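*Asks:* Just need the structure, nothing else, for what follows:
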Amino acid sequence: MAKVVIIGGGWAGAGAAVTAAKAGADVVLLERTDMLLGTGLVGGIMRNNGRFTATEEAIALGAPELFQAVDDTARHKNIEFPGHKHATLYDVAKIEPAVRQCLEQLAVNVRFESLVNGVKVENNRITAVVLKSGEEITGDVFIETTGTAGPMGNCAKYGNGCAMCILRCPTFGGRVSIAAKAGVQEIVGKKGDGSIGAMSGSCKLHKESLAPSIVEELDKTGVAIVPIPAKLQKGDSLGVKACQQYALKEFAENIILLDTGHAKLMSPYYALDKLRQIPGFEDARFEDPYSGGIGNSVRYLALSPRDNTLKVEGIENLFCGGEKAGLLVGHTEAIVTGSLAGHNAVRQAKGKELVELPTNLAIGDAIAHVNEQMKTEEGLGKKYTFSGSVYFERMKAEGIYCTDIAKIQEKVDQAGLTGVFAKKI
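*Replies:* Sure thing, here's the model as predicted:
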């Protein structure tokens with residue numbers, strides 16, 4: 001039995017664990033904190049715009065489990081907010097146990113508080129990763145899904161300092177790049193102005209700290225839109241967002257909240273003294289990050305060069321998923337890249353030809369397009385997501401965006417890929 005070791009238990013790592021286990025591997029998932037999902041613990045938005053297409057493609061490809069967990073824990077389905085249609089909002093308090101149970105059912109060995117800070121390499125192959133404790137974890141194939149945010153020094157250098165976000169670097173240690181430790185020269189993403197990285201695009205407020213009328217609207221519809229007095233409007237923060245699909249005029253002129261259990265504030269940060277001047281927010285308090293009035297986590301600082309099968313260039317048995325695979329923004333993007341990496345890791349261990357998804361599928365096109373864009377200076381200054389901005393426009397222009405489930409399934413079937421991620425190798 002092939003042994004696959006996954007480093008990082010966010011959405012991408014969970015996606016890789018699901019498909020690697022279904023392909024027949026012995027799967028070990030190493031997570032540096034005490035919970036799965038990383039930023040998914042405070043995220044919550046799925047299926048909006050082109051993410052609907054990518055979700056249904058992944059399901060047709062044979063990896064429905066994580067999307068089922070989302071649907072099972074959804075607070076709202078098929079909602080709309082500025083620039084976004086047919087969105088699902090999952091409950092951030094319920095999603096992690098649901099994903100953990102999913103991995104347990106697939107016999108994935110999840111090891112918490114297992115920070116990897118070393119790598120052993122022989123002949124361009126990783127033989128083991130080394131935990132902070134000194135323990136060595138051997139494997140046949142390795143998958144890096146560690147994300148691209150942190151540690152604290154990077155948030156201080158490229159952002160507004162540590163804002164005490166859900167990644168909890170001070171407690172569990174900051175992200176360590178496995179590819180870089182193995183000698184791979186990684187790529188750094190940039191903002192449109194050429195500066196390094198991008199800031200996470202939303203904060204969370206305690207619903208209990210908001211006016212009852214706002215909470216009622218959130219609970220009822222999933223969305224609350226509150227106009228910002230002109231003197232308090234701030235458009236300057238939109239350009240620093242990783243989530244450029246929300247860098248719209250409406251998000252500068254209004255407070256836009258989504259109900260994910262907390263009140264998800266669609267801004268990378270908002271000065272608390274100004275926020276509390278807006279009617280209904282007089283007693284507002286941040287839930288994540290705790291210092292959401294000052295800043296947020298900085299991301300896209302360590303992208304792995306890879307091919308379209310998600311194998312990292314320069315190391316024979318290392319794959320990547322999520323933000324490590326490029327300037328891809330979002331949970332859906334993480335799940336689908338992780339899913340392909342997990343499946344291909346087992347194929348490589350078994351000496352099988354690796355799968356490269358065709359570009360007439362949204363997932364395949366996104367993987368290929370972002371790979372091309374990462375090799376250009378202009379492309380490094382952009383962010384790509386199924387749900388908006390430049391990539392969603394590409395989806396529409398290329399005829400890839402589709403909400404007809406039967407047609408999506410037919411396209412996957414015509415490619416000969418129906419259920420491929422569900423098959424034991």
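
*Asks:* For the rest of this, base every contact and every neighbour count on C-alpha atoms.
*Replies:* Fine.

*Asks:* Just the endpoints, please. Distance across stretch 132-151?
*Replies:* Stretch 132-151 has an end-to-end distance of 15 Å (criterion: Cα to Cα, to the nearest Å).

*Asks:* Show me which residues of that stretch are buried.
*Replies:* In terms of neighbour count (16 or more other Cα atoms under 10 Å), stretch 132-151 has its buried residues at 136-151.

*Asks:* do stretch 195-214 as well
*Replies:* Neighbour-count burial for stretch 195-214 flags 196-207, 209-210, 214 (criterion: 16+ other Cα under 10 Å).

*Asks:* Over to Asp72: give its phi and psi.
*Replies:* Main-chain torsions, Asp72, degrees, to the nearest 10: phi -70, psi -20.

*Asks:* so what's the spatially closest residue to Ala284 that is not a sequence neighbour up against?
*Replies:* Once flanking residues are discounted, Ala284 sits nearest to Ser209: 4.9 Å by Cα to Cα, 6 or more residues apart in numbering. Residues near Ser209 by Cα atoms under 8 Å, 6 or more residues apart in numbering: Phe281, Asp283, Ala284, Arg285.

*Asks:* PyMOL command for the buried members of those residues?
*Replies:* Filtering the contacts of Ser209 down to the buried ones (16+ other Cα under 10 Å) takes a single PyMOL command:
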select buried, resi 281+284+285
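
*Asks:* can you name the farthest residue from the center of this protein?
*Replies:* The centre of the chain is farthest from one residue, Lys231, which by Cα atoms, centre = their mean lies 34.2 Å away.

*Asks:* OK, contacts around it?
*Replies:* No contacts exist for Lys231 under Cα under 8 Å, 6+ apart.

*Asks:* same deal with Ile335?
*Replies:* Here Ile335 is in contact with Trp11, Ala12, Gly13, Ala14, Gly15, Ala16, Leu66, Gly322 (Cα under 8 Å, 6+ apart).

*Asks:* and it, what pLDDT?
*Replies:* You'll see Ile335 listed with a pLDDT of 98.

*Asks:* Output the helix or strand encompassing Asp413 as CSV - backbone C-alpha positions only.
*Replies:* Assigned by DSSP states H and E, Asp413 falls within helix 405-414. The C-alpha trace of helix 405-414 is given here as CSV (Å, rounded to 0.1, in the frame of the first residue of the first chain):
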residue,chain,number,x,y,z
ILE,A,405,-25.8,20.2,-13.3
ALA,A,406,-26.7,17.7,-16.0
LYS,A,407,-24.6,19.6,-18.6
ILE,A,408,-21.7,19.7,-16.2
GLN,A,409,-21.9,16.0,-15.5
GLU,A,410,-22.2,15.4,-19.3
LYS,A,411,-19.0,17.4,-19.9
VAL,A,412,-17.1,15.4,-17.3
ASP,A,413,-18.4,12.1,-18.8
GLN,A,414,-17.4,13.1,-22.3
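
*Asks:* Tell me the buried residues in it?
*Replies:* Result for helix 405-414 [16+ other Cα under 10 Å]: buried residues Ile408, Gln409, Lys411, Val412.

*Asks:* out of those residues, which one sits closest to Ser304?
*Replies:* For the buried residues of helix 405-414, the minimum distance to Ser304 (Cα to Cα) is 27.5 Å, reached by Val412.

*Asks:* Just give the closest residue to that closest one, not the sequence neighbours.
*Replies:* Spatial nearest neighbour of Val412, excluding adjacent residues (Cα to Cα, 6+ apart): Thr418 at 5.7 Å.

*Asks:* Where does that neighbour sit: helix, strand or coil?
*Replies:* In terms of secondary structure, Thr418 is coil; the call rests on DSSP: H, G, I helix; E, B strand; the rest coil.

*Asks:* Number of residues surrounding it?
*Replies:* 20 (other Cα atoms under 10 Å).

*Asks:* do the same with Gly153
*Replies:* Gly153: 12 surrounding residues under other Cα under 10 Å.

*Asks:* Next, give phi and psi for it.
*Replies:* Dihedral angles (degrees, to the nearest 10) for Gly153: phi -60, psi -40.

*Asks:* Please state the offset of the helix holding Asp413 from the chain centre?
*Replies:* Relative to its chain's centre, helix 405-414 lies at 25 Å (Cα atoms, centre = their mean, to the nearest Å).

*Asks:* Check which helices and strands it sits against.
*Replies:* When contacts are defined as 3 or more Cα pairs under 8 Å, 6 or more residues apart in numbering; DSSP states H and E, helix 405-414 sits against helix 51-61.

*Asks:* and the angle from the helix holding Asp413 to helix 51-61?
*Replies:* Angle, helix 405-414 to helix 51-61, by axes from the mean of the first three to the mean of the last three Cα atoms, to 10 degrees: 50 degrees.

*Asks:* quick one: average pLDDT of helix 405-414?
*Replies:* Taken as a whole, helix 405-414 has an average pLDDT of 98.

*Asks:* Would you state the helices of the stretch 151-300 of the chain in chain order?
*Replies:* Using DSSP state H, counting those that start in this stretch, the helices found in the stretch 151-300 of the chain span residues 152-158, 169-172, 178-181, 212-221, 249-253, 272-275.

*Asks:* now the stretch 51-200 of the chain, which segments are flagged as low pLDDT?
*Replies:* Nowhere does the stretch 51-200 of the chain drop to pLDDT under 70.

*Asks:* meant to ask about the stretch 201-350 of the chain
*Replies:* 234-248.

*Asks:* All the strands of the stretch 251-400 of the chain, in order from the start?
*Replies:* 254-259, 263-265, 286-288, 298-299, 318-320 (DSSP state E, counting those that start in this stretch).

*Asks:* got it, and the stretch 101-250 of the chain?
*Replies:* Assigned by DSSP E, counting those that start in this stretch, the strands in the stretch 101-250 of the chain fall at 109-111, 116-122, 125-131, 136-138, 141-144, 198-199, 203-205, 223-227.

*Asks:* in its sheet, what does the fifth one sit against?
*Replies:* Take DSSP bridges as the rule and strand 141-144 pairs in its sheet with strand 3-7 (parallel), strand 318-320 (parallel).

*Asks:* Which ones among the contacts of Ile335 map onto helices?
*Replies:* Trp11, Ala12, Gly13, Ala14, Gly15, Ala16, Leu66 (DSSP state H).

*Asks:* Brilliant, that's me finished.
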